[in-house]
Structures are given as structure tokens and as C-alpha cells.
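Undergrad: Got a sequence here, can you model it:
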Amino acid sequence: MNTSSEFLTVSDLRATLNTALPLGFGYIGTMLIGMTDTILLGRLGADALAAAGLALSLCNILMLFGWGMLFPMMVLVSRWCGAECPRSRIPFKIIRQGLWLSAILSLPAGIILWNTVSILMLTGQDPVLARMAGQYMDYYLWSLFPLFGRAAFAMALVAMHRTGIIALVTWLEVGINGILDYGLIFGAFGLPAMGMAGARGWQASSSMVSGSRCFFSAFSVFSDSSER
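TA: Residues are numbered from 1 along each chain as shown. As a prediction, the model looks like this:
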């Protein structure tokens, strides 16, 4: 009995680490993306850095709310994995519903971010900083649906214990972020100099690419699981 109990404990610990370590490694990549943005925006001046901080504070509230709404996907996919139903189409329904929810969430979130200047002015922020933050968000808001969609796939992949895919996609984005941020902010590599807007000008296309990568990875995982 003790041997069996010890075996189960070690097995559970191994499964937890196999899921948690790649996920933690991916979060480090996410932090590096934010750090890169901060360093490069800091070179534009204190006002640009302050405006970006104000804009992202508002955006982070919306993103956290959206991730909370999408979290039940992890529970639903985990239940499907436990049921071990062969050739079941339930995961595809869950993913489709998650994408619909992502689209629904992106609409009010986009409207709110479109009015970033007015919202910041109502809170008594400096008008110059508010307008700079609004310009920053004018580009960022187009990435809302890809970001929510990628979060939906991430929830499903965590439930499938395939967090390595999330880490891979995130670290690919770290490299893309460093190159395109520098190019679009300062006009390097033949890219247009967009100033602080360049820090998010690439975000929509990058999110679509990384979201597509998650989609095909999730599709492959679900297809393999259905065949077993």
C-alpha cells in the first residue's frame, strides 16, 4: 500500500512538472516581451513610457476579465480528456465556443480601448499623455480577438498537458517582438518609424500568426487523441 501510494505521488508530481515547467518558461517569455517594450519605449522619453503604462493598465483589466471568462474551457476539455471518448467531437465544439466567446469579448473591449483618451481624461490624467496613450491603443485594439483566441487555445492545450506548444509559440514571439519593435519604433531594417505606436503596430499580425500556430497544434493534438 505504501509503495503504491508513493508511486502515485511521484507520478502526480512528474505530471505536474511536465505541465507547469513549460508553462512557467512561457510566462518568462511573456515578461521578456513586456521588458523589451519598456526598454525601447524608454529610449523615446519619459512621456512615451508613462503613456504606454497608462494604456496598458486599462488594457490589462480587460484582458484579465477575458481570460477569466475563458477559463472554464480548461475544465471542459479536462472532462473530455477524462472521459476518453473515441472520435468524440466535443473538443472541437469547446474550441469553437471559445472562439465565439473570444469574438464577443473583443467587441466591447475594442470599444472601450477606442475611447482610451476620453477614459483617461475623465480620470484626470494629463491631456498630452492621454492622447499618446490613445494613439498607442489605436493599434493595439486590433489584436484583441487574436489575443483572446490564442488564450482560448492555451486553455485547451493546458488541459491536454501540451504546454510545450505554448512555450514554443511564446518564445518565437519574443524574437519577433525584439526585431519588429526596434524596427517599427526607430525605423530600422527599412521599416517605417512609427514611434511608440510601433511597439504595438506589429501585435495584431503577430497574434494572428501565433494564434494560427496554436490552432494547428491543437487540431493535431485533438486529432491524435480522437484516434486513440
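Undergrad: Tell me how many other residues surround S78.
TA: By other C-beta atoms under 10 Å, the residues close to S78 number 16. The C-beta positions use only the backbone N, C-alpha and C, and glycine is treated the same way.
Undergrad: How about G42?
TA: Around G42 there are 12 other residues, counting by other C-beta under 10 Å.
Undergrad: Tell me, please, where in the protein the pLDDT is lower than the cut-off.
TA: Applying pLDDT under 70 to the chain flags the ranges 1-8, 83-90, 201-228.
Undergrad: Centroid-nearest residue for it?
TA: Here the mean C-alpha position of the chain is nearest to the C-alpha of L147 (C-alpha atoms, centre = their mean), at a distance of 4.8 Å.
Undergrad: So it: helix, strand or coil?
TA: helix (DSSP: H, G, I helix; E, B strand; the rest coil).
Undergrad: Other residues contacting the helix or strand harbouring L64?
TA: For L64, the host element (DSSP states H and E) is helix 46-70. Under the contact criterion C-beta atoms under 8 Å, 6 or more residues apart in numbering, helix 46-70 has outside partners 37-38, 41-42, 98, 101-102, 105, 109, 112-113, 116, 119-120, 125, 128-130, 132-134, 136-137, 140, 144, 147-148, 151-152, 155, 195-196, 199.
Undergrad: if we go to 6 Å?
TA: For helix 46-70, the external contacting residues (C-beta atoms under 6 Å, 6 or more residues apart in numbering) are 41-42, 105, 109, 116, 120, 129, 132-133, 136-137, 148, 151-152, 155, 196.
Undergrad: Would you mark the buried spots in that helix?
TA: 48-52, 54-56, 58-59, 62-63, 66-67, 69-70 (16 or more other C-beta atoms under 10 Å).
Undergrad: so how far is M31 from W67?
TA: Distance of W67 to M31, computed by C-beta to C-beta, to the nearest Å: 16 Å.
Undergrad: With A154 instead?
TA: 16 Å.
Undergrad: So for the two, which sits in the more crowded spot?
TA: More neighbours surround A154 than the other of A154 and M31, with 25 against 11 (other C-beta under 10 Å).
Undergrad: what about the more buried one, which helix or strand?
TA: Using DSSP H and E, A154 sits in helix 144-159.
Undergrad: And that helix, what does it pack against?
TA: helix 46-70, helix 72-83, helix 90-114, helix 163-186, helix 203-227 (3 or more C-beta pairs under 6 Å, 6 or more residues apart in numbering; DSSP states H and E).
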